[in-house]
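Trainee: Okay, predicted coordinates and the sequence, questions at the end:
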Amino acid sequence: MGNGKVPHRRRRHLQQQGGQQAKDALMADDQQMVKMAAVGQRWG
């Protein structure tokens, strides 16, 4: 496992970059969940 070490500063930068994508994915998931919940309420 020691082979895949990334310098701390660079890892944080990568986390920040990935964080934006993660946020977008979470937003999309939330919207889907809201749609599913609305449909479930409509048909339930």
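Mentor: Structure's in. What do you need?
Trainee: Only C-alpha atoms from now on, for both contacts and neighbour counts.
Mentor: OK.
Trainee: taking the mean pLDDT, what do you get for the helix or strand hosting residue 34?
Mentor: Taking DSSP states H and E as the criterion, residue 34 maps to helix 8-43. Per-residue pLDDT over helix 8-43 has a mean of 76.
Trainee: Count the neighbours of residue 28 for me.
Mentor: Residue 28 has 12 neighbours, counted by other Cα atoms under 10 Å.
Trainee: My error: substitute residue 40 in the last question.
Mentor: So residue 40, with other Cα under 10 Å, has 10 neighbours.
Trainee: same question, residue 37
Mentor: By other Cα under 10 Å, 13 other residues sit near residue 37.
Trainee: for the one 5 residues further on, same thing?
Mentor: When neighbours are counted by other Cα under 10 Å, residue 42 registers 8.
Trainee: Please report how far it lies from residue 31.
Mentor: Taking Cα to Cα, to the nearest Å as the measure, residue 42 falls 16 Å from residue 31.
Trainee: and residue 26, what is it in contact with?
Mentor: By Cα atoms under 8 Å, 6 or more residues apart in numbering, no residues touch residue 26.
Trainee: Start the count at 45 instead of 1 going forward.
Mentor: Sure, I'll start counting at 45 from here, so that last one is residue 70.
Trainee: what's the distance between it and residue 85?
Mentor: Per Cα to Cα, residue 70 is found 22 Å from residue 85.
Trainee: Having no further points to raise, I will conclude here.
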